[in-house]
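>>> One predicted model, sequence on top.
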Amino acid sequence: MAKIDKFEHKHFRLRPEYRVVGGLLNRIKVATEIKDKFVLQNKLNRSLRLVRWKEAYDHDNPANYGVIQGEQLDAAAGARSEGGGGLEGETDWGAAARVSSLCVCKSWQRLLSNRKFLEENYVAVGGIRKPLFINEILRQICLVDTSKHLNDNAIVRTFRTDLLCHEFGSHIKAVGACRGLVLVEVLFGGEFKFYAWNPTTGYLRKFNKRPPIQSTPFVDEYILKFHGLGYALNIGQYIYIQIYKKKYDGIGIVEGYSLTKDEWLTIDTNMELSYTEVDDTVRNGSFGLYFAERLHWLVLSYTINSYQILAYKFCDGQFEAVGLPRDVDLSRVELCSLVILDECLTFCGIFDDAELPFYVIRIWSMKQYGGQQCWSNTVTLHMCDWASGYMLPVCSTDYGIVYINNNSGMILRWNNIHRVVEHQMIEIIEIYHRMTIYEESLLWV
C-alpha cells in the first residue's frame with residue numbers, strides 16, 4: 001500500500017490549485033463560526049473561478065495547443081508597441097501593482113496582457129461592484145470590499161493620494177467609472193489632467209486635457225451639466241462624455257474624449273437641451289451611470305416638468321428618454337439615486353414622514369431594459385431614523401444589498417444567507433468626500 005501511495009504521490013499528484021480547493025472544502029466542513037464559514041466560502045468561490053480561468057488558458061493542456069499561443073503573443077506585442085496596454089507597457093503603475101505583477105509566473109503575465117482573455121473573463125464572471133471614497137481635505141482614498149463580511153475591519157483599505165501618484169494633490173475627483181476603470185480629474189501645477197485608474201490592479205495612465213487655446217466650448221458661454229465614462233462596444237473604445245449647455249438660449253454641445261485613441265470628438269454642436277441637473281434631491285446627479293452600453297443621468301425635464309432618465313447610446317450616438325416608475329410619488333421623495341443592483345438598472349427613493357419614527361426606502365428595478373412597463377417594486381424597507389442622513393443602497397452582493405449613510409459613516413447590509421445584520425462605521429465617510437461605485441476587473445485602456 002505504501003508503494004502505491006508513493007507512486008500516486010509521484011505521478012498523479014494534484015496541482016496546487018486543486019489542493020487549495022480541497023483544503024478549503026475540508027475547513028468549511030469543520031468550521032463552526034458563521035463568520036469563518038462566510039470568509040471560507042468567499043475564498044472557495046474565488047479559487048474555483050481561478051481554476052476555471054487557468055483550465056481555459058492552460059499551456060500544458062494539449063487541447064489548447066495552437067489556440068491561444070498566437071493570440072497571447074500578438075496581444076503582448078501589440079500592447080508593448082502601443083505603450084499603454086499590458087503589464088509590461090510604458091504606463092505609470094502604482095508600486096503595489098508593479099510588485100504583484102512581477103511576482104507571478106510568465107504564463108500569467110502573458111494572460112494578463114491578453115486583451116481577449118480579459119474581455120472574455122469580464123463577460124463570463126462580471127464585475128463585483130464596490131464603493132470608493134475620495135477625500136480631498138485629508139488627501140485620502142478609501143476602498144471598501146463589500147464582498148466580505150461587513151463586521152470585519154479588514155474590508156476597509158485607506159491610503160494617501162500622493163502614494164498613488166505624486167500629482168494627486170488637493171483637487172482630485174472621479175468624473176467617470178466604467179468596466180473597472182475610474183476616470184480621475186486632478187489639478188496639478190495649474191493644469192487639469194485625466195488619469196484612468198483601475199483600483200483592482202493598480203493600473204494608472206495619464207491623459208492631458210485639451211489645451212486652453214483649442215478649448216471649445218468656452219467656459220464663459222457654456223456650463224458643464226453632465227459627464228460620464230462609457231464603453232462603445234461596436235468600436236471597442238472607452239469614451240468620456242461631456243454635455244455643456246449655453247447660458248442664454250439652451251443650446252447644448254456634446255463632446256467625447258476617446259481614451260483608447262487619445263483624441264477629442266465633437267458629437268453634437270446644436271443639441272436642444274431641455275434637461276437640467278436636479279438639486280440635492282438626487283445623489284451624484286451630473287455623474288453618468290454606465291449600463292447596457294448607455295450612460296444614464298437622472299434629470300429634470302422642462303417638457304414634462306418632472307424627473308426623467310436621460311440615456312446616451314454609444315452604439316449610434318443618440319439620446320433617449322426613459323420614464324420613471326408610474327407609482328413613484330416624486331413630490332414625497334427626499335433623496336433618490338440611480339444604481340445597479342443585481343445587474344438591473346435601479347431607481348431608489350427615500351420617503352420620509354415627519355410624524356413617523358422611521359423613513360421608507362423603496363427600490364424599483366428594470367428587469368428588461370426599455371419602458372415604464374418594465375419597472376417593478378422589488379424592495380420596500382422601513383429604516384429607523386436614529387442618525388442624521390439617510391441610508392441609500394449603493395451596490396449588491398451575493399449576500400444582499402449594501403446601504404451607506406453619507407452623514408454618519410454607517411455601512412450596513414442584511415445578510416440574506418446567514419440572516420444577520422452586518423454593519424460598520426467608516427470614519428472617512430463622516431468628513432466631506434466623493435463616493436464612486438467601481439467594478440472589480442482586470443481591464444485596462
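Great, that's in hand.

>>> how about the lengthiest helix in the chain: buried residues?
The longest helix of the chain (DSSP state H) is helix 34-56. In terms of neighbour count (16 or more other Cβ atoms under 10 Å), helix 34-56 has its buried residues at 37-44, 47, 53-54, 56. Just so you know, the C-beta spots here come from the backbone N, C-alpha and C atoms, and that holds for glycine as well.

>>> Same check on stretch 150-159?
150, 155-156.

>>> Report the helix or strand with the lowest average pLDDT across the chain.
Every helix and strand of the chain was ranked by mean pLDDT, DSSP states H and E. The lowest is helix 95-103, at a mean of 41.

>>> quick one on the thing from earlier: distance from the longest helix of the chain to the middle of the chain?
Counting by Cα atoms, centre = their mean, to the nearest Å, helix 34-56 is centred 21 Å from the centre of its parent chain.

>>> Stretch 425-438 now?
The chain centre lies 15 Å from the centre of stretch 425-438; the measure is Cα atoms, centre = their mean.

>>> Look at P393 and say how many residues are nearby.
Number of residues near P393 (other Cβ atoms under 10 Å) recorded here: 21.

>>> Could you do N416 as well?
N416: 12 surrounding residues under other Cβ under 10 Å.

>>> That one and S396 touch, don't they?
No. Counting by Cβ atoms under 8 Å, N416 stays clear of S396, with 10.3 Å between them.

>>> What mean pLDDT does stretch 169-182 get?
For stretch 169-182, mean pLDDT is 88.

>>> Grab the nearest non-local neighbour of N406.
With sequence-adjacent residues excluded and distances taken as Cβ to Cβ, 6 or more residues apart in numbering, N406 is closest to G389, at 5.7 Å.

>>> contacting residues around that neighbour?
Counting by Cβ atoms under 8 Å, 6 or more residues apart in numbering, G389 touches 405-408.

>>> let's see 10 Å
By Cβ atoms under 10 Å, 6 or more residues apart in numbering, the contact set of G389 is 335, 350, 404-410, 429.

>>> And L310, how far from D327?
In this view, L310 and D327 are 21 Å apart by Cβ to Cβ, to the nearest Å.

>>> which one of those two has more residues nearby?
A side-by-side neighbour count of L310 and D327, using other Cβ under 10 Å, places L310 first with 23 against 9.

>>> Any idea what that one is bridged to?
W297, A321 (DSSP bridges).

>>> Double-check it against S301; I have them as touching.
Yes. Using Cβ atoms under 10 Å, L310 is in contact with S301, at 8.2 Å.

>>> Spell out which residues are contacts of both of those two.
Common neighbours of L310 and S301, counting by Cβ under 10 Å, 6+ apart, are 274-275, 321.

>>> Could I get the residues you listed in a markdown table, plus columns for pLDDT?
Formatted as a markdown table, those follow (pLDDT from 0 to 100):
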| residue | pLDDT |
| --- | --- |
| S274 | 79 |
| Y275 | 79 |
| A321 | 88 |
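
>>> Just the buried residues of these.
Going by neighbour count (16+ other Cβ under 10 Å), the shared contacts of L310 and S301 have 274-275 buried.

>>> Now do stretch 231-241: distance from first to last residue.
Using Cα to Cα, to the nearest Å, the end-to-end distance of stretch 231-241 comes to 10 Å.

>>> and if you look at stretch 119-133?
Termini of stretch 119-133 sit 27 Å apart (Cα to Cα).

>>> residue contacts, A154?
Residues near A154 by Cβ under 10 Å, 6+ apart: 39, 145, 148.

>>> still on that earlier bit, nearest to D162, of the contacts of G389?
I429 (21.1 Å; Cβ to Cβ).

>>> Can I get stretch 362-379 in PDB? Just the C-alpha atoms.
In PDB, the C-alpha atoms belonging to stretch 362-379 read as follows (Å, rounded to 0.1, in the frame of the first residue of the first chain):
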ATOM      1  CA  ARG A 362     -38.300  51.900  -2.000                       C
ATOM      2  CA  ILE A 363     -36.400  50.200  -4.800                       C
ATOM      3  CA  TRP A 364     -37.700  49.800  -8.300                       C
ATOM      4  CA  SER A 365     -35.700  47.600 -10.800                       C
ATOM      5  CA  MET A 366     -36.000  47.500 -14.500                       C
ATOM      6  CA  LYS A 367     -36.000  43.800 -15.300                       C
ATOM      7  CA  GLN A 368     -36.000  44.300 -19.100                       C
ATOM      8  CA  TYR A 369     -34.400  47.500 -20.400                       C
ATOM      9  CA  GLY A 370     -37.000  49.500 -22.200                       C
ATOM     10  CA  GLY A 371     -40.000  51.300 -20.900                       C
ATOM     11  CA  GLN A 372     -42.200  52.100 -17.900                       C
ATOM     12  CA  GLN A 373     -43.900  48.700 -18.000                       C
ATOM     13  CA  CYS A 374     -40.600  47.100 -17.200                       C
ATOM     14  CA  TRP A 375     -40.200  48.600 -13.700                       C
ATOM     15  CA  SER A 376     -41.100  46.600 -10.700                       C
ATOM     16  CA  ASN A 377     -41.000  47.500  -7.000                       C
ATOM     17  CA  THR A 378     -38.600  44.900  -5.600                       C
ATOM     18  CA  VAL A 379     -37.800  46.100  -2.100                       C
END
